[in-house]
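Colleague: need a structure here:
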Amino acid sequence: MPRRLAGLLMLLIVAGCADSADKISASYVSPLVYHEYSCQQLGAEVARVTSRAQEVAGVQDEASSDDAVLMGVGLVLFWPSLFFLEGNTGREAELGRLRGELDAIEQTAVRKNCGAIIADLSNRRARAEAKQEEAKAAKAAQAEKCESDPNSC
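Modeller: I've put the predicted structure just below:
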């Protein structure tokens, strides 16, 4: 019985951790929202939504990292720190919605033949993916460094 209770408690704690931004998928947003927009207006909307999505993703990644550190500290050294896990807040829903808005804008831009907007979105996505890969590589390098020399972390 105590093992089951401990397992359930661990499951609940892990479920309370914030996900990293790259694990959050787009929510559906109807392209009809942008039906009346001109290509120029779609371009402005891409800039606004992308800027906010990057901001929210950065905060989400920071929360995810903080939760991972607290989880490690809590499991190994000081279990009361587990009460400070940030967990899932409205950021995940907002980031999913923003990504859905970008998808809807892209669909509208394709339908309206807004070539510059489509190219801009493709470039932004490529840059974001490259940035995520760099962050993952840096995180992996830091984890490897910590494994080989725990005092350096």
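
Colleague: List the buried residues for the one helix or strand A138 maps to?
Modeller: Following DSSP states H and E, one finds A138 within helix 115-148. Neighbour-count burial for helix 115-148, counted by 16 or more other Cβ atoms under 10 Å, picks out I117, I118, D120, L121, R124, A128. Where you see a C-beta, it was placed from the backbone N, CA and C, and this is true even at glycine.

Colleague: Which strands and helices lie in contact with it?
Modeller: Using 3 or more Cβ pairs under 8 Å, 6 or more residues apart in numbering; DSSP states H and E, the elements in contact with helix 115-148 are helix 39-76, helix 90-111.

Colleague: Using JSON lines, lay out these together with distance to K136 and mean pLDDT.
Modeller: JSON lines is the format used below for these (distance: least, Cβ to Cβ, whole Å; pLDDT from 0 to 100):
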{"stretch": "helix 39-76", "distance to K136": "11", "mean pLDDT": "76"}
{"stretch": "helix 90-111", "distance to K136": "18", "mean pLDDT": "91"}
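
Colleague: Can you tell me which of those is nearest to K145?
Modeller: With Cβ to Cβ, the closest approach to K145 among these belongs to helix 39-76: 15.1 Å.
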